[in-house]
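*Asks:* just coords:
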């Protein structure tokens, strides 16, 4: 199995496990009813509260784990986006969340979103040490 196959496999697994949502889907899940529901979603992304990945069709979609149970940005996402200081974006950032991390005792960051400070520290360390 080549690298492209493995990449496609984990991306499909991410979509299956957490969902990938369009801007409109995110707005509906958050209960946005304003003039332009997608505006809030785009503001969240621009502010680093959530992040997008490119779908196979080249459209921005958002991993479901970026949001809390109310469809609002999960605080851990913003902490990691900020701590990674732009080193991790899009699919590389999504990959970081779903890959076991030695700084978290081998756990996947996505499984510990409630540990905002620990995730931010692990992301900052990854920025300094690309081996993790």
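*Replies:* The structure has been received and is ready for your questions. The structure displayed is predicted, hence computed values, not measured ones.
*Asks:* hey, which helix is longest across this structure?
*Replies:* Counting by DSSP state H, the longest helix found in the chain is helix 3-18.
*Asks:* If we go by neighbour counts, what in that one is buried?
*Replies:* 11, 14-15, 18 (16 or more other C-beta atoms under 10 Å). For every residue, glycine as well, the C-beta is placed using N, CA and C.
*Asks:* Quick check: end-to-end length of stretch 49-63?
*Replies:* End-to-end distance for stretch 49-63: 12 Å, by C-alpha to C-alpha, to the nearest Å.
*Asks:* Any buried residues in that stretch, and which?
*Replies:* Buried-residue list, stretch 49-63, by 16+ other C-beta under 10 Å: 49-53, 60-63.
*Asks:* Return the subset of these lying in strands.
*Replies:* Taking DSSP state E as the definition of strands, the buried residues of stretch 49-63 contribute 53, 60-63.
*Asks:* In terms of secondary structure, what does the helix or strand residue 93 falls within contact?
*Replies:* Using DSSP states H and E, residue 93 maps to helix 90-98. Applying 3 or more C-beta pairs under 8 Å, 6 or more residues apart in numbering; DSSP states H and E, one finds that helix 90-98 makes contact with helix 3-18, strand 53-54, helix 75-84.
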